[in-house]
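>>> sequence first, then the predicted structure, then my questions.
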Amino acid sequence: MTWARRAVPAVAAAVAALAARDLIQRDHALLRNFPVLGRARYLLETIGPELRQYIVAGNNEERPFTRDQRRWVYASAKQENNYFGFGTDNDIEYTPGYPIIKHRTFGRAVPPSSPAAGHDVRLPCAKVLGAARGRARAFRPESVVNISGMSFGSLSGNAITALNKGAALAGCLQNTGEGGLSPYHRNGGELVFQLGTAYFGCRDEHGRFSLDRLKDLVAGAPVKALEIKLSQGAKPSLGGLLPGAKVSAEIAATRGVPAGEDCVSPSRHAEFSDSDSLLDWVELLAAETGLPVGIKSAVGDLGFWQELATLMRDTGRGVDFVTIDGGEGGTGAAPLIFTDSVSLPFQQGFSRVYKIFAEHDLHEQVVFVGAGKLGLPDNAIVAFALGCDLVNVGREAMLAIGCIQAQKCHTDTCPTGVATQNAWLAGGLDPASKAVRAANYLRTLRRDLIRVAEACGVEHPGLIGTDAVEILDGRTGSTPLHEVYGYRPDWGLPSPADRAEIIRLMVPEAPQGGTAPPSATAVG
Ligand SMILES: Cc1cc2nc3c(=O)[nH]c(=O)nc-3n(C[C@H](O)[C@H](O)[C@H](O)COP(=O)(O)O)c2cc1C
Ligand code: SF4
């Protein structure tokens, strides 16, 4: 057995060397947290397609994000080849609800020729946020894709840093989520500050909202807008509780609560109690800070929206933006019945709210933001066609910085350091390299959106109308999007003036060329 005596130390040395390498590298949080063992996941990812032919689930079976969708995000984030070979493996014709985007043969916008063209495309919002209501600090968001609210507390400090730096690199906004504005949010990325029911970050020692603290906060950070959170698609009408064990000194300081004690978010706001008082509060915040102010909500009963739109039309007060979160949206933790069954899915909820605003002739004055798996190009295009001006990405951005969809966000044992306060696990996530990945993903999504817009003959995804999308019925028929959701023909688009301006901003001064050079006999 001499060979065994020689082999065992050699294997042990090789494993030790591999472990050391895994610990030192910064690209993969999973390997830093689980040296050697974590490699099994990468091996399975590599040979997965072949293995799955014989044993496990297909490319489109896993949820919330299918394997294909995750592969697209991962490859985009790493700037690897994110193309798919051989053609679709979706059962297009026989899947009810499948959206089809209709390209145009001769469109106004001509896609540029180079495959790399548009990778770093500028894709600003087609509306100026806050302009319709004359807010002092109205601005045009630089990116139609932005990072959705996910609090420090729910996500680790390193994850927030990676997303904030990624937002800065990609030129987009990061929403703070309701957990306050932490030091990790101060890495160069511009912010939307979210006000939840506990007013974390802008509350006094008794837990009451403090306007002075809010003004100090926004004066000392790159906050571009305020978002009042009414509800979240995954858990509408519920408050929240961060157990005392997770309330570290850092979280306590960010939120303005005592360390080590349970941190409760009530289910309702104390500053307003109906649509009328909500609008008063919106106007107060806008007047005192100069910032555009919006609301974020999931959609259930429509009474609130009817009342809000009527009050906006009749009283002149109003929100600058409305963020609609779909029932399929994510959360750090929520009861199953809420994640599965309470509040409408994005397309249904959004279209109902949009229609109410359009019927009150307010749709061109409000910036509409969508969330709920809209970090995937096909979903995002349908959202733009329905009238979204911006999309927020939450879990897709988490995937870009390393999340493997282990779905343990509620247990504080996230293996990739994204959704945990465990210092050891969070330490595996290298914010610098993951920031680049987040930015790569955001840029790739923007590039795909502009490519599809150009295929549809328009210069910007916000100009894609409902006539460009049909929904298949799973048998042999399909219905245009406007019929599915009862839209009038001109709904879903910005005002004529906003359309003209975004076309001016999007069309390059020097044409990029979408054809081969014309021959001498070319006729048009
Ligand atoms: C870990 C996690 C934390 C979240 N925290 C908040 C929050 O603080 N405030 C909020 O409005 N939404 C929160 N959300 C919801 C997201 O902002 C987003 O609306 C939802 O996940 C849908 O987008 P997605 O499908 O791209 O993830 C959270 C979601 C996740 C996954
Ligand atoms: S626990 Fe799983 S799903 Fe949640 S962030 Fe971590 S890797 Fe992603």
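Right, received. Where do you want to start? Ligands and ions are numbered 1, 2, ... in the order given.

>>> pull the longest helix from the chain.
What stands out as the longest helix in the chain, according to DSSP state H, is helix 431-455.

>>> so for that helix, what gets flagged as buried?
431, 433-455 (16 or more other Cβ atoms under 10 Å). Placement of C-beta: from N, CA and C, glycine included.

>>> same deal with stretch 23-33?
Within stretch 23-33, the residues that qualify as buried are 28-33, counting by 16+ other Cβ under 10 Å.

>>> and if you look at stretch 136-145?
Per 16+ other Cβ under 10 Å, stretch 136-145 contains these buried residues: 138-145.

>>> first-to-last residue distance for that stretch?
Taking Cα to Cα, to the nearest Å, the first and last residues of stretch 136-145 lie 24 Å apart.

>>> does it reach ligand 1?
No. With Cβ under 6 Å from any ligand atom as the criterion, ligand 1 is not reached by stretch 136-145; the gap is at least 10.4 Å.

>>> centre of the chain to that stretch, how far?
16 Å (Cα atoms, centre = their mean, to the nearest Å).

>>> contacts for that stretch?
Residues outside stretch 136-145 that contact it (Cβ atoms under 8 Å, 6 or more residues apart in numbering): 122-131, 170-173, 224, 289-292, 320, 375, 380, 384, 389-393, 442, 445-446, 449, 461-462.

>>> can you narrow these to ones near ligand 1?
Among the contacts of stretch 136-145, ligand 1 is touched by 375, 393 when using Cβ under 6 Å from any ligand atom.

>>> and the contacts of stretch 136-145, which of them are buried?
The neighbour-count test (16+ other Cβ under 10 Å) marks 123-131, 170-173, 224, 289, 291-292, 320, 375, 380, 384, 389-393, 442, 445-446, 449, 461-462 as buried among those.

>>> Y487 - how many residues pack around it?
22 (other Cβ atoms under 10 Å).

>>> same check, this time on D89
11.

>>> neighbours around the closest residue in space to it that isn't next to it in sequence, how many?
The spatially closest residue to D89, leaving aside those adjacent along the chain, is N59, at 5.7 Å (Cβ to Cβ, 6 or more residues apart in numbering). As a burial measure, N59 scores 17 neighbours (other Cβ under 10 Å).

>>> in terms of contact, does N59 touch F65 like I think?
No. N59 is not in contact with F65 according to Cβ atoms under 8 Å; the separation is 11.4 Å.

>>> returning to what we had before: which two among the buried residues of stretch 136-145 are spaced furthest apart?
Farthest-apart pair in the buried residues of stretch 136-145 is A138 and V145; separation 20.3 Å (Cβ to Cβ).

>>> can I get the host helix or strand of A385 in CSV, CA atoms only?
Element membership for A385 (DSSP states H and E) is helix 377-386. Taking C-alpha atoms only, helix 377-386 is exported to CSV below (Å, rounded to 0.1, in the frame of the first residue of the first chain):
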residue,chain,number,x,y,z
PRO,A,377,-36.3,41.8,-22.0
ASP,A,378,-39.6,40.2,-23.2
ASN,A,379,-41.5,41.1,-20.0
ALA,A,380,-40.0,44.6,-20.1
ILE,A,381,-41.1,45.2,-23.7
VAL,A,382,-44.7,44.2,-22.8
ALA,A,383,-44.5,46.6,-19.8
PHE,A,384,-43.3,49.5,-22.1
ALA,A,385,-46.1,48.7,-24.6
LEU,A,386,-48.6,48.9,-21.8
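
>>> just give me how far that helix sits from the chain centre.
For helix 377-386 - counting by Cα atoms, centre = their mean - the centre lies 13 Å from the chain centre.

>>> and the helix or strand following it, how far from the chain's centre?
Moving toward the C-terminus from helix 377-386, the first helix or strand encountered (DSSP H and E) is strand 390-393. In terms of Cα atoms, centre = their mean, the centre of strand 390-393 is found 5 Å from the chain centre.

>>> quick one: mean pLDDT over strand 390-393.
Averaging pLDDT along strand 390-393 gives 98.

>>> cool, stretch 474-494 as well?
Taken as a whole, stretch 474-494 has a mean pLDDT of 95.

>>> also stretch 132-152?
98.

>>> could you do stretch 168-185 as well?
On average, stretch 168-185 scores 98.

>>> show the end-to-end separation of it, please.
11 Å.

>>> buried stuff in it?
Using 16+ other Cβ under 10 Å as the test for burial, stretch 168-185 gives 168-182, 184-185.

>>> can you tell me the SS state at A287?
helix (DSSP: H, G, I helix; E, B strand; the rest coil).

>>> what's the following helix or strand after the worst-scoring helix or strand of the chain on mean pLDDT?
In the chain, no helix or strand scores lower on mean pLDDT, DSSP states H and E than helix 39-52, which sits at a mean of 68. Tracing the chain past helix 39-52, the next element assigned as helix or strand by DSSP H and E is helix 67-77.

>>> distance from that next one to the middle of the chain?
Relative to its chain's centre, helix 67-77 lies at 15 Å (Cα atoms, centre = their mean).

>>> which residues sit against the helix or strand that that helix is followed by?
Sequence order places strand 99-101 as the next helix or strand after helix 67-77, per DSSP H and E. By Cβ under 8 Å, 6+ apart, the residues outside strand 99-101 that reach it are 92, 378, 381-382, 452, 455-456, 464, 468-472, 478, 481.

>>> so what's the most centrally placed residue in the chain closest to, chain neighbours aside?
By Cα atoms, centre = their mean, the mean C-alpha position of the chain lies nearest to V393, the distance being 0.8 Å. Nearest residue to V393 in three dimensions, chain neighbours excluded: G375, at 3.4 Å (Cβ to Cβ, 6+ apart).

>>> what separation do you get for the residue nearest to D89 and N379?
Taking Cβ to Cβ, to the nearest Å as the criterion, N59 is separated from N379 by 17 Å.

>>> swap in W491?
Distance of W491 to N379, computed by Cβ to Cβ: 19 Å.

>>> how about H360?
Plainly put, H360 is 27 Å away from N379 if you go by Cβ to Cβ.

>>> surely L449 is in contact with A380?
Yes. With contact defined as Cβ under 8 Å, L449 counts as touching A380 (6.1 Å).

>>> overlap of the contact sets of those two?
145, 461.

>>> residues of the chain that sit close to ligand 2?
Checking the chain against ligand 2 by Cβ under 6 Å from any ligand atom, the hits are 398, 403-409, 414-416, 418-419.

>>> if we go to 5 Å?
Near ligand 2, the residues belonging to the chain are 403-409, 414, 416, 418-419 when assessed by Cβ under 5 Å from any ligand atom.

>>> how about TSV for the residues you listed, with pLDDT, neighbour count and secondary structure added?
Shown next, in TSV, are those (pLDDT from 0 to 100; neighbours: other Cβ atoms under 10 Å; DSSP: H, G, I helix; E, B strand; the rest coil):
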residue	pLDDT	neighbour count	secondary structure
C403	96	27	coil
I404	95	19	coil
Q405	94	17	coil
A406	90	15	coil
Q407	91	12	coil
K408	89	14	coil
C409	91	21	helix
C414	94	30	coil
T416	96	29	coil
V418	97	31	coil
A419	95	28	coil
